[in-house]
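Novice: What would the 3D arrangement of this be:
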Amino acid sequence: MASLTLLPESSPRLVGIARLAAQGESVREGHDIEYFTLPVRSLLNRCVSRRQMPFTWTINPYRGCEFACKYCYARYTHEFMEMRDGVEFEQKIYAKQHAADLLRQELRRVKTGEQIAIGTATDPYQPIEKKLEITRAILQEFSRHSGLDLGIVTKSAMIARDIDLLKEISQQNRITVNFTVTTVDPELARILEPRAPRPDLRLQALCKLRDAGIRAGVICAPVLPGISDAPRQLEAVVRGAAEAKASHIHANPLFLKPCSAAVFLPFLKENFPELVPDYEKRFKDRAFLPTAYRKRISELFAQFRATYRIQRDSGWQHETRQQGGGEQLALFG
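Specialist: Modelled structure (predicted):
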């Protein structure tokens with residue numbers, strides 16, 4: 001069990017979420033990863049973004065994610081806790097305390113038609129969930145309500161554990177599960193997503209959910225130029241989703257916030273050095289890929305969906321970024 005380190009008197013005074021994080025108690029350690037409790041005051045967060053989002057509210061049972069995906073866009077969330085090294089996002093994981101109790105108190109804020117997204121910044125089914133069951137407790141609370149519009153995003157097959165609750169929730173609510181699949185190549189996936197479950201395990205879990213009557217599909221994200229964007233690679237993802245009986249699939253090309261680029265670009269230099277000049281050019285002074293690239297990916301996915309008879313729409317009343325015909329579901333903010 002790790003001991004907590006007290007800040008020296010000369011350290012800046014911490015406030016808000018940074019102060020709460022500093023007060024967290026260690027849960028356990030494992031292969032250079034520490035878990036802490038996080039005594040938050042709220043679980044349900046109103047989505048505030050200049051981007052068009054398909055949801056009004058977000059829930060992230062954890063802060064930080066053990067899966068260590070090299071391209072992860074959410075590393076910036078640790079900066080709110082005064083952690084500026086992007087790698088800390090995958091090394092210091094915070095589990096929110098009393099999540100279900102907080103949710104019970106806050107659900108009255110949700111109006112009819114407002115969607116709630118679970119797992120927009122960190123995976124709700126990362127390994128510590130097996131022990132802490134925070135996500136399961138949240139689903140148990142949702143099962144006591146009706147008329148809600150819910151969505152879950154995950155890379156983990158662990159969600160199959162909660163099929164009983166998902167079925168119960170779906171009887172009186174609208175719920176959609178989205179499995180993120182960047183590639184179906186297990187070797188490439190292990191490089192890009194070192195500690196995430198294998199893609200085939202995600203698709204197997206997807207099939208289990210579909211057999212149980214739960215709306216579930218795939219987000220092919222992120223599409224990585226020169227790494228995972230060849231037509232044969234993208235078609236393999238769509239084919240795998242169709243074989244797993246996915247209700248829908250769509251794609252999100254890579255975008256790089258500065259904190260993400262600080263981790264991803266060194267990774268690129270080590271593993272795909274020939275692509276570095278191209279990435280530096282593509283992402284110079286911007287986080288999103290150019291319109292022409294997004295349009296090409298959109299057109300490819302339209303063709304593949306038609307071939308494999310699979311829908312684009314996840315069932316959420318989502319809005320997309322239509323820039324030059326590019327497909328970019330604004331799911332991740």
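
Novice: would residue 219 count as being in a strand?
Specialist: Yes: judged by DSSP: H, G, I helix; E, B strand; the rest coil, residue 219 forms part of a strand.

Novice: How many residues are close by it?
Specialist: 23 (other Cβ atoms under 10 Å). All C-beta atoms are positioned from the backbone trio N, CA, C, and that covers glycine.

Novice: looking at it, residue 208 is touching residue 161, isn't it?
Specialist: No: with contacts defined as Cβ atoms under 8 Å, residue 208 does not count as touching residue 161, sitting 10.2 Å away.

Novice: where do the helices sit along the protein?
Specialist: Assigned by DSSP state H, the chain shows helices spanning 16-22, 88-91, 99-106, 129-132, 134-142, 163-172, 186-192, 199-211, 231-243, 258-271, 276-282, 291-308.

Novice: Which among those helices is found nearest to residue 61?
Specialist: Ranking those by proximity to residue 61 (Cβ to Cβ) places helix 134-142 first, at 4.3 Å.

Novice: what is the orientation angle of the closest one with helix 99-106?
Specialist: 30 degrees (axes from the mean of the first three to the mean of the last three Cα atoms, to 10 degrees).

Novice: For stretch 162-176, buried residues please.
Specialist: 162-163, 165-166, 168-170, 173-176 (16 or more other Cβ atoms under 10 Å).

Novice: From the chain's centroid, how far away is that stretch?
Specialist: 20 Å (Cα atoms, centre = their mean, to the nearest Å).

Novice: What's the local residue count around residue 238?
Specialist: 24.

Novice: I figured it hits residue 309, correct?
Specialist: No: counting by Cβ under 8 Å, residue 238 does not reach residue 309; the two are 10.5 Å apart.

Novice: And the pLDDT at residue 320?
Specialist: Per-residue confidence at residue 320 stands at 37 (pLDDT).

Novice: Same check on the one 10 residues further on?
Specialist: Per-residue pLDDT puts residue 330 at 36.

Novice: Can you redo the helices of the chain as CSV, where the extra columns are distance to residue 150 and mean pLDDT?
Specialist: Listed next are the helices of the chain as CSV, based on distance: least, Cβ to Cβ, whole Å; pLDDT from 0 to 100:
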stretch, distance to residue 150, mean pLDDT
helix 16-22, 24, 43
helix 88-91, 25, 90
helix 99-106, 12, 96
helix 129-132, 17, 97
helix 134-142, 6, 98
helix 163-172, 7, 98
helix 186-192, 27, 98
helix 199-211, 14, 98
helix 231-243, 21, 98
helix 258-271, 27, 95
helix 276-282, 35, 94
helix 291-308, 24, 97
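
Novice: which residues sit against stretch 271-285?
Specialist: Residues from elsewhere that reach stretch 271-285 (Cβ atoms under 8 Å, 6 or more residues apart in numbering): 191, 225-227, 256, 261, 265, 268-269, 289-290, 293.

Novice: Just the buried residues of it, please?
Specialist: 275, 279, 282-283.

Novice: now stretch 136-152
Specialist: 136-143, 148-152.

Novice: Can you tell me which of the residues you listed is closest to residue 36?
Specialist: residue 137 (18.2 Å).

Novice: In this structure that closest one contacts residue 99, no?
Specialist: Yes: using Cβ under 8 Å, residue 137 is in contact with residue 99, at 6.1 Å.
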